[in-house]
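Asks: this one's structure only:
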């Protein structure tokens, strides 16, 4: 099964050589699950020619806000709407979670409650899942077709499922603790409050449920069946 990675942002330059860029992290997360990957750096306006160029699409995180006026956002939203209408399955992570929701009628804002950084505990339908997070923006209004699949007290819409068409997660199953530590050292200064960073540092080393989310992503892609464009 061929998955197209729509790269919506990039790892800090100081971290790329050692820890990789965002697509590298997803290749590691989903290694050995029977997928082949193509990468499109949509942040740099490198888009697929057609929504059917892959069997499914994976949208990465980004330091950008979905509501910001970047050139790649309108065509990305249009791509999402076309893929959704044709039932080409999509997975969105962090920014990907947000931009899919926004493109389909939801609302994304800079959350007044502040930041989630590092290990966070979520409820996925009664199953506890601990994942690394790095976000201030949140989906505050979900699209009509979406159902909440994961939440916690801080992030009510931490995971969404849109039937067999999209599965999205606010947290970062692809981020390990080393990468979170790197973000804290390269992107947090003067941006993330110190008490949030202190809490994240205190939880470094806790076991994460990333493999379980990878299982969910694999199952979602393999059970979804893309239809011809324009099909109901």
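Replies: Perfect, thanks for sending it. Predicted model only: the values in this text are computed from it and were never measured.

Asks: so residue 52 touches residue 87, yeah?
Replies: No. Using C-beta atoms under 8 Å, residue 52 is not in contact with residue 87; the gap is 10.9 Å. (Each C-beta comes from the backbone N, C-alpha and C, glycine too.)

Asks: and these two? Which one has more around it.
Replies: Per other C-beta atoms under 10 Å, whichever of residue 52 and residue 87 has more neighbours is residue 87, with 19 against 15.

Asks: now do the helices in the chain.
Replies: Secondary structure of the chain by DSSP state H: the helices cover 13-19, 22-29, 73-85, 95-103, 177-186, 194-202, 210-223.

Asks: pipe those into TSV and attach mean pLDDT per row.
Replies: Below are the helices of the chain laid out as TSV (pLDDT from 0 to 100):
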stretch	mean pLDDT
helix 13-19	94
helix 22-29	98
helix 73-85	98
helix 95-103	98
helix 177-186	97
helix 194-202	97
helix 210-223	97
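
Asks: in CSV: the ones you listed, plus mean neighbour count and distance to residue 109.
Replies: Formatted as CSV, the helices of the chain follow (neighbours: other C-beta atoms under 10 Å; distance: least, C-beta to C-beta, whole Å):
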stretch, mean neighbour count, distance to residue 109
helix 13-19, 13, 28
helix 22-29, 20, 23
helix 73-85, 18, 15
helix 95-103, 28, 10
helix 177-186, 18, 22
helix 194-202, 14, 18
helix 210-223, 17, 24
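
Asks: got these as CSV, with distance to residue 168 columns?
Replies: As requested, the helices of the chain are exported to CSV (distance: least, C-beta to C-beta, whole Å):
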stretch, distance to residue 168
helix 13-19, 24
helix 22-29, 14
helix 73-85, 11
helix 95-103, 4
helix 177-186, 20
helix 194-202, 23
helix 210-223, 10
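
Asks: quick check: which of those is nearest to residue 56?
Replies: Smallest distance to residue 56 across the helices of the chain (C-beta to C-beta): 4.6 Å, for helix 210-223.

Asks: how far off centre is the closest one?
Replies: Its chain's C-alpha centre and that of helix 210-223 lie 13 Å apart, by C-alpha atoms, centre = their mean, to the nearest Å.

Asks: same thing with stretch 9-28?
Replies: 14 Å.

Asks: for stretch 113-125, same thing?
Replies: Centroid separation for stretch 113-125 versus its chain: 14 Å, with C-alpha atoms, centre = their mean.

Asks: give me the buried positions along it.
Replies: 115-120, 122-124 (16 or more other C-beta atoms under 10 Å).

Asks: could you list which of those residues belong to strands?
Replies: Mapping these onto strands (DSSP state E) picks out 116-120, 122-124.

Asks: contact partners for the most centrally placed residue in the chain?
Replies: The centre of the chain sits closest to residue 93, judged by C-alpha atoms, centre = their mean, with a distance of 0.6 Å. Taking C-beta atoms under 8 Å, 6 or more residues apart in numbering, we find residue 93 in contact with 26, 58-61, 168-169, 171-174.
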